[in-house]
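Trainee: Based on what follows, work out the 3D shape:
(one chain, ligands or ions: 2)
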Amino acid sequence: MAVKEDNVEQGISAMISREAELTPVKIVEELDKYIIGQQAAKRSVAVAIRNRWRRLQLDQQLQKEVGPKNILMIGPTGVGKTEIARRLAQMVKAPFIKVEATKYTEIGYHGRDVDAIIRDLLELSIRMVRGEYAEKIKDQVDHQVEERLIDSLLPGRHGEAAEDDEARQRHERTRGKLREQLRAGGLEDKLVEVVVEEKAIPMGVMTPMGFDQMDEEFQGMFEKLLPSRTQTKKIPLHEARKIIRAQQLEAMLDREKVTLEAIRRTENTGLVFIDEIDKVCGPESAHGPDVSRQGVQRDLLPIVEGCAVTTRHGTVRTDHILFIGAGAFSRSKPSDLMPELQGRFPIRVELKELSKADFVRILQEPENALTKQQKALLATEGVDIDFKPKAIDAMALIAYQVNQSAQNIGARRLYTIMEKLLEEVSFDAPKFKGKKIVIDEKYVKSHLEELAKDEDLSKFIL
Ligand SMILES: Nc1ncnc2c1ncn2[C@@H]1O[C@H](COP(=O)(O)OP(=O)(O)OP(=O)(O)O)[C@@H](O)[C@H]1O
Ligand SMILES: [Mg+2]
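Mentor: Ligands and ions are numbered 1, 2, ... in the order given. So this is what the prediction gives:
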């Protein structure tokens, strides 16, 4: 595939070509492996992801004009909204972050401000690009690490100190032998000296949140101010290798290039999933925490509309970042969102409530289906669990009925049902070692039916 020159310069070509095979059909197929039904939602996200790739095929001028088509996923609880996002994240090779709208508060209130979303996204992107570069220069790094390990085993660097040719040759021969031994793994426990750099974090300036939850900007500033001490340590070679490899990688990575590429990627291919977006909406009211809810919306708006966010690595523009919002909208409606924000999520998809038939499929079809999980878990104890189709049918029915009579928590109900069903087997698994346990309709009914019928009881247990 031909990649545009500009993109090569921007360094995102590798990513684009990797996403090239991710057609909408392919994305939906991939999602189908884990999520039953919800085709409308799957199709929408697939198209949105593909559109970003399409945009990057255009020339620069046109690229600027094409904005992302943000999506709002609406549906009751436990029907697959977050699951779609999670699976999407694993699939796309782009920087992706999932946040909960409720975790953020208006600037100035307790909690994180929404700019942190973009800063986190960039951090992810940096880690991704770093990983790729590290992979690219791995052989070079490994070579250097080996040389340095030999250096530390045999002082007198490269025989430079030797006066004559013969001494130098002898030195080289010794190095050669050491290299062989090293490669054969015979020197792993030998003690060698390494120089390590340590940053002392003075206790007195710890914040109540702890160092790593400190605001990122502040933390960066802080790190620079801290005195670093170097220290020589004598440690086993296999440990030294890890330290030296990290140091060598740090020295060989072009940090500026990595950062620049990470920023470009974030700007052009970043994907932000905002969960629980319905929880920050609701009519503007003058009292209590609602004020800051509207505030979160107001703060989100510029980011979703496109603005520049300052990070410690540089400025990130958000104009082309794709946002997917999700929420149950049971107490509020999308039209309760601020009008400007509504306009920024032009694509609406509804996820449907799951039926009994869906439950039957969810229990057995997805690659991570509950029955498969339980079977595999108990197999580790030497117990062979066999779920009969009728049993699965009965479980699905009970899940459906309890959802109707108690609270409807969607597919999550299946988890509680399954746990309850296998409680005994799970506890006594070692006793059943080498046995086969057949879970049939009768088993399900005898273990769950009474519970399911008693509305009060099922509220607590199922
Ligand atoms: N359609 C589905 N197919 C397969 N599994 C599903 C489906 N819907 C939900 N699940 C399972 O149920 C669990 C809960 O689903 P998920 O987290 O996607 O709910 P949600 O729609 O985000 O709900 P909420 O509004 O409460 O956040 C997931 O772990 C997932 O495995
Ligand atoms: Mg969710």
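
Trainee: gap between Val25 and ligand 2?
Mentor: Remark: distance between Val25 and ligand 2 (C-beta to the ion, to the nearest Å) = 26 Å. Just so you know, the C-beta spots here come from the backbone N, C-alpha and C atoms, and that holds for glycine as well.

Trainee: Secondary structure element for that residue, which one?
Mentor: Secondary structure from DSSP states H and E places Val25 in helix 24-32.

Trainee: which outside residues touch stretch 138-157?
Mentor: 134, 158, 162, 171, 174-175, 178-179, 182, 187, 190, 192-194, 237, 240-241, 244-245, 248-249, 252 (C-beta atoms under 8 Å, 6 or more residues apart in numbering).

Trainee: Using neighbour counts, trim those residues to the buried set.
Mentor: Applying 16 or more other C-beta atoms under 10 Å to the contacts of stretch 138-157, the neighbour count classes 171, 175, 178, 182, 187, 192, 194, 237, 240-241, 244-245, 248-249 as buried.

Trainee: Spell out which residues of the stretch 151-300 of the chain are next to ligand 1.
Mentor: Residues of the stretch 151-300 of the chain lying close to ligand 1 by C-beta under 6 Å from any ligand atom: none are found.

Trainee: so where is the stretch 151-300 of the chain shaky, pLDDT-wise?
Mentor: 156-163, 199-224, 282-292 (pLDDT under 70).

Trainee: Residue of it closest to ligand 1, please.
Mentor: Asp275 (6.2 Å; C-beta to the nearest ligand atom).

Trainee: Identify the residues contacting that residue.
Mentor: Asp275 touches 81-82, 85, 98-101, 326-327, counting by C-beta under 8 Å, 6+ apart.

Trainee: Quick one: the residues you listed as CSV, columns for secondary structure too.
Mentor: Compiled in CSV, the contacts of Asp275 are given as follows (DSSP: H, G, I helix; E, B strand; the rest coil):
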residue, secondary structure
Lys81, helix
Thr82, helix
Ala85, helix
Lys98, strand
Val99, strand
Glu100, strand
Ala101, helix
Ala326, strand
Gly327, strand
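
Trainee: of the residues you listed, buried ones?
Mentor: Neighbour-count burial (16+ other C-beta under 10 Å) applied to those gives 81-82, 85, 98-99, 101, 326-327.

Trainee: for stretch 334-346, which positions count as buried?
Mentor: In stretch 334-346, counting by 16+ other C-beta under 10 Å, buried: 334, 337-338, 341, 344-345.

Trainee: average model confidence for it?
Mentor: Taken as a whole, stretch 334-346 has a mean pLDDT of 88.

Trainee: quick one: the strands in the stretch 51-200 of the chain?
Mentor: Using DSSP state E, counting those that start in this stretch, the strands of the stretch 51-200 of the chain run over 71-74, 96-100, 191-199.

Trainee: looking at the ones you listed, which is closest to Glu419?
Mentor: strand 96-100 (25.2 Å; C-beta to C-beta).

Trainee: Parallel or antiparallel, which strands does the closest one pair with?
Mentor: Using DSSP bridges, the strands paired with strand 96-100 in its sheet are strand 271-275 (parallel).

Trainee: Just checking, which helix or strand succeeds the strand it pairs with along the chain?
Mentor: Criterion used, DSSP H and E; the element after strand 271-275 is helix 290-305.

Trainee: by contact count, what packs against the very next helix or strand once past that next one?
Mentor: For helix 290-305, the following helix or strand on the C-terminal side (DSSP H and E) is strand 308-311. Here strand 308-311 touches helix 115-136, strand 314-317, going by 3 or more C-beta pairs under 8 Å, 6 or more residues apart in numbering; DSSP states H and E.

Trainee: still on that earlier bit, the residue of the stretch 151-300 of the chain closest to ligand 1 bridge partners, please.
Mentor: Beta-bridge partners, per DSSP bridges, of Asp275: Glu100.

Trainee: Would you quantify the distance from it to Ile117?
Mentor: Distance, Asp275 to Ile117, by C-beta to C-beta, to the nearest Å: 12 Å.

Trainee: Pro155 now?
Mentor: The gap separating Pro155 from Ile117 is 51 Å, by C-beta to C-beta.

Trainee: between the two, who's got more neighbours?
Mentor: Remark: of Pro155 and Ile117, Ile117 carries more neighbours, 24 against 8, as counted by other C-beta atoms under 10 Å.

Trainee: Among the buried ones among the contacts of Asp275, which ones lie close to ligand 1?
Mentor: 81-82.

Trainee: which of the buried ones among the contacts of Asp275 are close to ligand 2?
Mentor: 81-82 (C-beta under 5 Å from the ion).

Trainee: would you list the buried ones among the contacts of Asp275 in CSV and tack on pLDDT?
Mentor: Converted to CSV, the buried ones among the contacts of Asp275 look like this (pLDDT from 0 to 100):
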residue, pLDDT
Lys81, 93
Thr82, 89
Ala85, 88
Lys98, 90
Val99, 89
Ala101, 86
Ala326, 93
Gly327, 91
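
Trainee: what number of residues lie near Phe96?
Mentor: Using other C-beta under 10 Å, Phe96 is surrounded by 23 other residues.

Trainee: Wait, it touches Leu271, no?
Mentor: Yes - applying C-beta atoms under 8 Å as the test, Phe96 and Leu271 come out as touching, 4.5 Å apart.

Trainee: Show me the common contact partners of the two, please.
Mentor: 88-89.

Trainee: which residues in the stretch 101-250 of the chain form helices?
Mentor: Using DSSP state H, counting those that start in this stretch, the helices of the stretch 101-250 of the chain run over 115-136, 138-153, 165-184, 216-225, 237-252.

Trainee: What pLDDT is listed against Ser17?
Mentor: At Ser17, pLDDT is 66.

Trainee: same question, Glu106
Mentor: So Glu106 comes in at 65 (pLDDT).

Trainee: Now do the domain split for the chain, please.
Mentor: Domains of the chain are assigned by automatic domain parsing as 5-129+261-350, 138-159+168-252, 356-461.

Trainee: Determine which stretch of the ones you listed is the most buried.
Mentor: domain 5-129+261-350 (a mean of 18; mean count of other C-beta atoms under 10 Å).

Trainee: Run the chain-centre distance for that one.
Mentor: In terms of C-alpha atoms, centre = their mean, to the nearest Å, the centre of domain 5-129+261-350 is set 14 Å apart from its chain centre.

Trainee: quick check, Asn408 in a strand?
Mentor: No - read with three-state DSSP, Asn408 is coil and lies in no strand.

Trainee: Distance check, the nearest residue to it once chain neighbours are set aside against Lys352.
Mentor: With C-beta to C-beta, 6 or more residues apart in numbering as the criterion, Asn408 has its nearest non-adjacent residue at 6.5 Å, and that residue is Pro76. Going from Pro76 to Lys352 by C-beta to C-beta gives 9 Å.
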